[in-house]
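[1] Pasted the sequence and its predicted model underneath.
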Amino acid sequence: MIFGMLYCYIKIQPRTPYLLRVIAMNALSIDLRQRILNYSLAHPIRQTAEVFQVSPDTVHRLKKLYYETGGVEPRPCQAEHWKAISEEAELYLKAHVMENPDLTLLITYQFLITT
């Protein structure tokens, strides 16, 4: 699940292979990205990942980003979501739900497609 720059992933705890926990991670700072890149230019990716406690994929992505853009700043988010209904229909639906909060989703859907 992604919200802005907040990423969630599942990590298996050491010594308890069946216990899972969700960890929320923020994006790496520009300073840390630059230090990882500088270190990775002179050292192998796996060693760099161990030193900075990030995944090897992170190091690889930072190097790729640097070669493509010349910098390590994160790319802007391009999450454009299309709307299934128009703004007018959304306002109409919200008003209908506020007037009839006890209706089921099926009845509300049927009402919406018939109008």
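    Alright, I've got the coordinates. Quick caveat, the model's predicted, so the values are computed rather than measured.

[2] all helices of the protein, in order?
    30-42, 45-52, 56-69, 87-99, 105-114 (DSSP state H).

[3] Looking at those, spot the one closest to residue 80.
    When these are compared for distance to residue 80 using C-beta to C-beta, the nearest one is helix 87-99, at 15.8 Å. For every residue, glycine as well, the C-beta is placed using N, CA and C.

[4] which parts of the closest one are buried?
    residue 93 (16 or more other C-beta atoms under 10 Å).

[5] Keeping just the C-alphas, turn it into CSV.
    Extracted C-alpha coordinates of helix 87-99, given in CSV (Å, rounded to 0.1, in the frame of the first residue of the first chain):
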residue,chain,number,x,y,z
GLU,A,87,-18.0,14.7,-10.2
GLU,A,88,-21.8,15.5,-10.5
ALA,A,89,-22.7,11.8,-10.1
GLU,A,90,-20.4,11.6,-7.0
LEU,A,91,-22.1,14.6,-5.4
TYR,A,92,-25.5,13.1,-6.2
LEU,A,93,-24.4,9.7,-4.7
LYS,A,94,-23.1,11.4,-1.6
ALA,A,95,-26.4,13.3,-1.1
HIS,A,96,-28.4,10.1,-1.7
VAL,A,97,-26.3,8.2,0.9
MET,A,98,-26.7,11.0,3.4
GLU,A,99,-30.5,11.0,3.0
